[in-house]
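[1] Just to be clear, the model below is a prediction. Sequence and coordinates:
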Amino acid sequence: MCVHLVQLVFCVKHGYKAMISPEDTADHTSRNPGPEHVESITISTSSGQIHDWFDYKKVTLVRCFNSILPETILRSSDTLTELTFSEYTLFKNIKRCLKNLNSLRTLHFTDVIIDAYHRFLYTKIIDVPSLTNLTIRRSTKLTNSEYFLLDFLTRGVNCKTLAKFQLVEGSGLEEGSNLLALEESAENQEPFEDVYDHDVVIVARFLMKHHTSLRNVSVSGTHVKVWDSEKTKEHFVQNLKLLKLDSFTYSTTDAGLKLILCHQKQLKHLHCSTDIGDVERVQNIYDCVKECRRTLTSFHIICKIRERIENEQGYSFECKHFEHCHNLSSFELTSKALDKDGATNELLNNNVSSFEVLNVHLLPISLRLLTLTSESFPNDSIEKLFEQLPKFEDLETFKLETNSPYSFKLSWLQTLCNLPKIQSVTINGAFVDVKQEVDELIKDSRQGINILFNNNDISCFPSGKR
């Protein structure tokens, strides 16, 4: 019988402990939970020599204080495909693993603390021929360890097949998802004060080196810096322009990200965060959408709205630029109030610059997911959207939220419920005269639709199916 064992935690000092799924609990004591039963192992050591992790496909090293012998790594050379270093890490262990793991495809660094770092002259470059996915993540602000790793991976390592790169300051990012939570976890951190004198353009160097293979790039965090315009030479600029991405996620205002964005022509996924008052940066997004209109399938933007300044004009996001994105299946727009220092402040929602989402009815009918969360929408824009909704035959999820109440017609909710593929409807901020009429409408609607209306669950489910 195959044991559905999720993870085995191995500790040299205290032996091992296996975690087994409930359906196998009855007879697991008679088994020896060896590598043939598991795919992943997490190792944490404080003494002794690490051993017995051959034949695992995924290994996580947490607080690894001890040297790993080359022969230990060699036994996993053809089997181990995913490796994670977390917290305290010996630099020599990183080098040994990269040098000897021929089948390594995915490499993660999470909150690493390197034992010692300084600029090296890498006389022998390490080839990692199978690596396709690299993530460097810090749950708070970036530190010397992250910049040192980038320096090493740029100057001392060759990975010619690298397709996906994530440099993440914050938590919760997975291929661009939950970008709002990611930003909020890092934006209030103080900028990092340099101790290790890292190359200020090392992110640009890394992207430049791998521009022929990279297809998916995420660079997210308030303090992430891609380049320094005063120290970045022209050939850097030219090579950054050569990046041809399928997926791009960013939440930093660094000029290097703008340079990348402006030269994309085949993006499938664009997830971004921008100060909506920065007209030039917003226009860069519009220009990118226009260039990628034939390929774009998902778009997610966080529109940052600054605290109101006297006599300041309002701002808007114009949806008409997506009208010809006929392959777009997911569109998400969220607005976020910022104070004068750029920090999130929900208490400012009534004291930020006016912001409107315009011409939502011009979004393409190919959408399966549509999420609009904003301070306000022009009344005619919402009405025109619901007039167009019957054409959105593939729409599965619809969400419309605002803090500025608007008059809502019950026929609009009926229109949503009549869509052939609709599964989930969320509408908040709507003003309806008679709630009883809403309840009657729901009773007559197609069964199996999750509906949240002004924070009240009025879902349509057959009796006993809730």
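    Cool, got the structure.
[2] need the helices for the protein, in chain order.
    Taking DSSP state H, the helices of the chain run over residues 70-74, 91-100, 144-155, 179-186, 202-209, 234-240, 255-261, 279-291, 379-388, 410-417, 435-443.
[3] Could you double-check that residue 397 sits in contact with residue 367?
    No. With contact defined as C-beta atoms under 8 Å, residue 397 does not count as touching residue 367 (9.2 Å). For the C-beta atoms, the positions are set from N, CA and C on the backbone; glycine is no exception.
[4] sorry, back to before: per-stretch mean pLDDT over the helices of the chain, give me the minimum one.
    Per-stretch mean pLDDT for the helices of the chain is lowest at helix 179-186 (a mean of 48).
[5] pretty sure residue 75 is touching residue 68, no?
    No. Assessed by C-beta under 8 Å, residue 75 is found out of contact with residue 68, at 11.1 Å.
[6] Look at the two and report which has more neighbours.
    Under the criterion of other C-beta atoms under 10 Å, the comparison of residue 75 against residue 68 puts residue 68 first, with 22 against 16.
[7] Quick check: can you list the domain ranges of this protein?
    Residue ranges for each domain of the chain read 1-116, 376-466, as given by automatic domain parsing.
[8] mean pLDDT for those domains: which is lowest?
    If the domains of the chain are sorted by mean pLDDT, domain 1-116 sits at the bottom with a mean of 70.
[9] pull the CA atoms of stretch 84-96 into PDB?
    Presented in PDB, the C-alpha positions along stretch 84-96 are these (Å, rounded to 0.1, in the frame of the first residue of the first chain):
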ATOM      1  CA  THR A  84      15.300  25.100   0.100                       C
ATOM      2  CA  PHE A  85      17.700  26.900   2.400                       C
ATOM      3  CA  SER A  86      16.000  28.600   5.400                       C
ATOM      4  CA  GLU A  87      17.400  30.700   8.200                       C
ATOM      5  CA  TYR A  88      21.000  30.100   9.200                       C
ATOM      6  CA  THR A  89      23.000  28.700   6.300                       C
ATOM      7  CA  LEU A  90      26.600  27.800   5.700                       C
ATOM      8  CA  PHE A  91      27.800  29.300   2.400                       C
ATOM      9  CA  LYS A  92      30.000  26.300   1.700                       C
ATOM     10  CA  ASN A  93      26.900  24.100   1.900                       C
ATOM     11  CA  ILE A  94      25.200  26.200  -0.800                       C
ATOM     12  CA  LYS A  95      28.200  25.800  -3.100                       C
ATOM     13  CA  ARG A  96      28.600  22.100  -2.500                       C
END
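[10] what's that stretch in contact with?
    Residues outside stretch 84-96 that contact it (C-beta atoms under 8 Å, 6 or more residues apart in numbering) are 58-68, 70, 73, 107-117, 126, 152.
[11] wait, isn't residue 336 in contact with residue 306?
    No. The pair residue 336 / residue 306 is not scored as a contact, 10.4 Å apart, by C-beta under 8 Å.
[12] who touches stretch 387-400?
    If you take C-beta under 8 Å, 6+ apart as the criterion, stretch 387-400 is touched by 329, 361, 365-373, 377, 382, 412, 415-416, 418-430.
[13] Could you rerun that using 6 Å?
    361, 365, 367-372, 415-416, 419-427 (C-beta atoms under 6 Å, 6 or more residues apart in numbering).
[14] Straight-line length of that stretch, end to end?
    Counting by C-alpha to C-alpha, to the nearest Å, you get 15 Å between the two ends of stretch 387-400.
[15] and it, which residues are buried?
    The neighbour-count check on stretch 387-400 (16 or more other C-beta atoms under 10 Å) flags 389, 392, 395-400 as buried.
[16] What is the most widely separated pair among those residues?
    Within the buried residues of stretch 387-400, two members stand farthest from each other by C-beta to C-beta: 396 and 400, at 14.8 Å.
[17] could you check the distance from residue 141 over to residue 221?
    8 Å (C-beta to C-beta, to the nearest Å).
[18] again, but for residue 115
    With C-beta to C-beta as the criterion, residue 115 and residue 221 are 24 Å apart.
[19] Neighbour count: these two, which is higher?
    For residue 115 versus residue 221, the count of surrounding residues by other C-beta under 10 Å is larger for residue 221: 27 against 13.
[20] Surely that one is in contact with residue 146?
    No. Assessed by C-beta atoms under 6 Å, residue 221 is found out of contact with residue 146, at 10.0 Å.
[21] The longest strand anywhere in the chain vs helix 379-388, what angle?
    Ranked by number of residues, the top strand in the chain under DSSP state E is strand 397-407. Put simply, strand 397-407 runs at 140 degrees to helix 379-388, going by axes from the mean of the first three to the mean of the last three C-alpha atoms, to 10 degrees.
[22] pLDDT on stretch 305-325, on average?
    The pLDDT scores in stretch 305-325 average 80.
[23] let me fix that: stretch 156-171
    In this model, stretch 156-171 has a mean pLDDT of 91.
[24] Output that stretch as PDB, nothing but the C-alphas.
    Coordinates of each C-alpha in stretch 156-171 appear next as PDB, following Å, rounded to 0.1, in the frame of the first residue of the first chain:
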ATOM      1  CA  GLY A 156      29.900  32.500  -9.600                       C
ATOM      2  CA  VAL A 157      27.100  30.400 -11.100                       C
ATOM      3  CA  ASN A 158      25.800  29.500 -14.500                       C
ATOM      4  CA  CYS A 159      22.200  28.400 -14.900                       C
ATOM      5  CA  LYS A 160      21.400  28.800 -18.600                       C
ATOM      6  CA  THR A 161      17.900  27.200 -18.300                       C
ATOM      7  CA  LEU A 162      16.600  29.600 -15.600                       C
ATOM      8  CA  ALA A 163      13.000  30.500 -16.600                       C
ATOM      9  CA  LYS A 164      11.500  31.900 -13.400                       C
ATOM     10  CA  PHE A 165      13.000  34.300 -10.900                       C
ATOM     11  CA  GLN A 166      11.400  35.800  -7.800                       C
ATOM     12  CA  LEU A 167      13.000  38.400  -5.500                       C
ATOM     13  CA  VAL A 168      10.500  39.000  -2.800                       C
ATOM     14  CA  GLU A 169      10.500  41.400   0.100                       C
ATOM     15  CA  GLY A 170       7.500  40.500   2.200                       C
ATOM     16  CA  SER A 171       5.400  37.300   2.400                       C
END
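[25] Not counting that stretch itself, show me its contacts.
    Defining contact as C-beta under 6 Å, 6+ apart, one finds that stretch 156-171 is touched by 122, 125-128, 131-139, 142, 182, 185-186, 210, 213-221, 224.
[26] Next, the buried residues of stretch 243-258.
    For stretch 243-258, using 16+ other C-beta under 10 Å, the buried residues are 243, 245-254, 256-258.
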